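Undergrad: Show me how the following folds:
(one chain, ligands or ions: 2)
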Amino acid sequence: MYIVMLGAPGSGKGTAAKILAKKTNLPHISTGDMFREQIKKGTELGKLAESYMSNGKLVPDEVTIGIVKDRLNSDDTKEGVILDGFPRTKMQAEALDEILKEQGKKVDIVPELIIPDDVIVDRILNRQTCSNKECGAIYNTKYKPSKVAGVCDVCGAPLSSRTDDNEETIKNRLEVYRENSKDLIEYYKEKGVLTQITPKDPTAENASEQAVEEILSAKL
Ligand code: ADP
Ligand code: ZN
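TA: Ligands and ions are numbered 1, 2, ... in the order given. I've put the predicted structure just below:
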């Protein structure tokens, strides 16, 4: 099962992707996480990615497509994957189809999380992530706080806020998302794989769990 998660930054797409990955036993592939890992390691790729990410801009297609292609050529992806943050442009979607076609595979379902803008901005500004890369649990000081402030419930590591989570880059990222996703949503709609998901209560603590239940009951 090849699943492409769509949704604006802060829609809960990342959290839903992680839950879905656990439930389906498929690898979770997040291009944002992959870039942040490269930045942490201080690689050339990381430096390049950072120069775009710090302005809320997209990393160039050929770079992004390259790392996804490498990832999709590893053995653990043969039963399917949960893609999160990729594709972000129509060109990336076409490249993905090409990569999967070579393997006799295709994108099976594209859930799009629909969340109101004001909820999104509020969510991102209060977002905290576990600094332990193996864990990566996501919290929200307002909607989903950790039991002990600044400490991960799951593994006890300190929580940190992402440096690109400020109001200015959020607005830029939402704009970039709107602009790029139009084509992408049209593309998957035409292929008949787009499934719009609207959690009933987007501010609920379990909004992402709700979204995943909706996805699983859609047509997997
Ligand atoms: P968010 O969903 O909050 O934007 P991500 O972790 O998905 O966060 O992405 C963070 C940044 O990484 C993006 O703003 C962009 O600069 C870069 N990035 C991630 N995925 C892609 C992609 N598919 N194409 C281009 N740039 C990407
Ligand atoms: Zn943790």
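Undergrad: Which residues of this protein lie near ligand 2?
TA: Residues of the chain that fall close to ligand 2, judged by C-beta under 5 Å from the ion: 130, 132, 135, 137, 152, 154-155, 157. The way it works is simple: take the backbone N, C-alpha and C, and place the C-beta from them, glycine included.
Undergrad: how about those in JSON lines, adding secondary structure and pLDDT?
TA: JSON lines is the format used below for the residues of the chain next to ligand 2 (DSSP: H, G, I helix; E, B strand; the rest coil; pLDDT from 0 to 100):
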{"residue": "C130", "secondary structure": "strand", "pLDDT": "94"}
{"residue": "N132", "secondary structure": "coil", "pLDDT": "92"}
{"residue": "C135", "secondary structure": "coil", "pLDDT": "92"}
{"residue": "A137", "secondary structure": "coil", "pLDDT": "91"}
{"residue": "C152", "secondary structure": "coil", "pLDDT": "97"}
{"residue": "V154", "secondary structure": "coil", "pLDDT": "97"}
{"residue": "C155", "secondary structure": "coil", "pLDDT": "97"}
{"residue": "A157", "secondary structure": "coil", "pLDDT": "97"}
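Undergrad: From the residues you listed, list just the buried residues.
TA: 130, 137, 152, 157 (16 or more other C-beta atoms under 10 Å).
Undergrad: Now narrow the residues you listed to whatever sits close to ligand 1.
TA: The subset of these within reach of ligand 1, by C-beta under 6 Å from any ligand atom, is empty.
Undergrad: from those, which single one is nearest V81?
TA: A137 (20.7 Å; C-beta to C-beta).
Undergrad: My read is that the closest one contacts D153, right?
TA: Yes - if you go by C-beta atoms under 8 Å, A137 and D153 touch, sitting 7.0 Å apart.
Undergrad: Which strand residues bridge S160?
TA: T129 (DSSP bridges).
Undergrad: which helix of the chain spans the most residues?
TA: helix 167-190 (DSSP state H).
Undergrad: Does anything pack onto it? Which helices or strands?
TA: The contact analysis (3 or more C-beta pairs under 8 Å, 6 or more residues apart in numbering; DSSP states H and E) places helix 167-190 against strand 2-7, helix 90-102, helix 117-125.
Undergrad: Reformat these into JSON lines and put mean pLDDT next to each item.
TA: Output for the helices and strands packed on helix 167-190, formatted as JSON lines (pLDDT from 0 to 100):
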{"stretch": "strand 2-7", "mean pLDDT": "96"}
{"stretch": "helix 90-102", "mean pLDDT": "96"}
{"stretch": "helix 117-125", "mean pLDDT": "86"}
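Undergrad: Mean neighbour count, the ones you listed: which tops it?
TA: strand 2-7 (a mean of 24; mean count of other C-beta atoms under 10 Å).
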